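Colleague: Below are the sequence and a predicted model; questions follow.
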Amino acid sequence: MREVIIYPGEDKFWIAECPSLPGCICQGETKEKAIINIKEAISLYIEMLKEDNLPVSVVILF
């Protein structure tokens, strides 16, 4: 499970981001679409981590 932050953007789209996955941000015309999009983005992000043999459970920035 990942924490997701959803907030309105300046262009009337909704922004969704997953803070534990740096750069995993997307948007949607509605909150519901932003949630659908961030779920897909998280899945793809994790898939890429696995392909690169990087840990999925924790991502730490220094």
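Modeller: Cool, the structure landed. Numbering: from 1, shown residues only.
Colleague: Can you give me the neighbour number for Glu51?
Modeller: The burial metric for Glu51, expressed as a neighbour count using other Cβ atoms under 10 Å, is 8. Where C-beta positions appear, they are placed from N, C-alpha and C, glycine not excepted.
Colleague: Give the helix, strand or coil label for Tyr7.
Modeller: Classification of Tyr7 into helix, strand or coil gives strand, according to DSSP: H, G, I helix; E, B strand; the rest coil.
Colleague: sorry, that was for Leu21
Modeller: For Leu21, the secondary-structure state derived from three-state DSSP is coil.
Colleague: Val56 now?
Modeller: From three-state DSSP, the assignment for Val56 is coil.
Colleague: any idea what sits nearest Ile6, other than its immediate chain neighbours?
Modeller: Ala16 (4.9 Å; Cβ to Cβ, 6 or more residues apart in numbering).
Colleague: before we move on, what about Ile46?
Modeller: Closest residue in space to Ile46, ignoring its immediate chain neighbours: Val56 at 5.4 Å, by Cβ to Cβ, 6+ apart.
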